[in-house]
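Asks: Just the structure for this:
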Amino acid sequence: MEVKYYLADPAGNITALVIYCSNMDIKLVTKKIMQENKSVEQVGFVHFSDSNIKLRMSGDEFCGNATMSAAALCYLLSGKRGVYETSVSVFGTKKPIDVSVEAKDGCFKCKCEIKKPYEEKTIKFCANGYEYQYPLVVFEGIMHIVADEMLNEPIAESVIRNLAYKLDTKALGIMLLSKDKTHLNPLVYVKDTDTLFFEKSCASGSCAVGTLICKPGEEINLYQPGGVINVLNGDDLKLSVDIRIGNCHFMEV
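Replies: Presented below is the predicted three-dimensional model:
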């Protein structure tokens, strides 16, 4: 089978978007793409129709960057102009995600609205003889722990897998937030694919941070290793990010 896919770059969070066709072995395709493209942090499978866009991530997790990237790819392939308003049906979420796309300044200016989290609670865990206590923000398809500089990268990596299984979530992020709450270092583990990355950016993780630190009507720019994601805390959480789409790739599976 010949597989066709594009590489999207939403603030450095390199995402492979595969044009899905029936009988495709999602796990095999994901494995081969990630073996051949070491910069890829996640793989999504897209299907375009006249009514809307369908997206399924390889681990059935929710991904805000991939959702916006799918809309940007549809915009590109359809030859649309101006501001494109659409919706993306993401596997595992109850309602489609509204996305707007506009080509400007050599990239796609993307915005989307994500429902407020289902739950905000506190999680405690021990590592290296110390007990940590942080907020846990629960979205459909992914949860995020928002941590401070007291939790370093090695410790975050050592605990995230066990925490994901204990929480019984498809994906878990640990968002390492700087003391001044402007810079974010996202660590994300996806259970079904057993992938773990310090991602260049994380949209849903940015939403988790925005939920916690922004009052209603406030917004924040979160500077991440690959770029900037803006979050506005309104009736829903409103994300803004610049996305670039690369050339089409072909692969035999």
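Asks: Excluding sequence neighbours, find me the nearest residue to Phe62.
Replies: Residue nearest to Phe62 in three dimensions, not counting chain neighbours: Gly141, with 3.0 Å by CB to CB, 6 or more residues apart in numbering. The C-beta positions use only the backbone N, C-alpha and C, and glycine is treated the same way.
Asks: cool, and Lys54?
Replies: His47 (4.4 Å).
Asks: doesn't Ile53 make contact with that neighbour?
Replies: Yes. Between His47 and Ile53 there is a contact under CB atoms under 8 Å: 7.5 Å.
Asks: And the two? Which one has more around it.
Replies: Per other CB atoms under 10 Å, whichever of His47 and Ile53 has more neighbours is Ile53, with 22 against 16.
Asks: For the nearest residue to that one once chain neighbours are set aside, which residues are in contact?
Replies: Nearest non-adjacent residue to Ile53, counting by CB to CB, 6+ apart: Val88, 4.6 Å away. Applying CB atoms under 8 Å, 6 or more residues apart in numbering, we find Val88 in contact with 52-55, 67, 70-71, 96-97, 99, 112.
Asks: what's the answer for Asp98, then?
Replies: If you count contacts by CB under 8 Å, 6+ apart, Asp98 has them with 85-87, 112-113.
Asks: Which strands and helices lie in contact with the helix or strand the residue nearest to Lys54 falls within?
Replies: For His47, the enclosing helix or strand under DSSP states H and E is strand 42-48. Packed against strand 42-48 by the contact rule (3 or more CB pairs under 8 Å, 6 or more residues apart in numbering; DSSP states H and E) you find strand 15-19, helix 26-36, strand 53-57, helix 64-78.
Asks: Tabulate the ones you listed (TSV), appending mean pLDDT and distance to Glu2.
Replies: Formatted as TSV, those follow (pLDDT from 0 to 100; distance: least, CB to CB, whole Å):
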stretch	mean pLDDT	distance to Glu2
strand 15-19	98	10
helix 26-36	96	11
strand 53-57	97	20
helix 64-78	96	17
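Asks: For Leu232, find the nearest of those.
Replies: helix 64-78 (13.4 Å; CB to CB).
Asks: And the contacts of stretch 219-227?
Replies: Applying CB under 8 Å, 6+ apart, the contact partners of stretch 219-227 are 9-13, 181-186, 198-202, 206, 209-210, 213-214, 228-233, 238, 241-242.
Asks: Return the members of the residues you listed classed as buried.
Replies: 9-13, 184-186, 198-202, 206, 209-210, 214, 228-233, 238, 241-242 (16 or more other CB atoms under 10 Å).
Asks: just for this structure, where's the confidence low?
Replies: 50-51 (pLDDT under 70).
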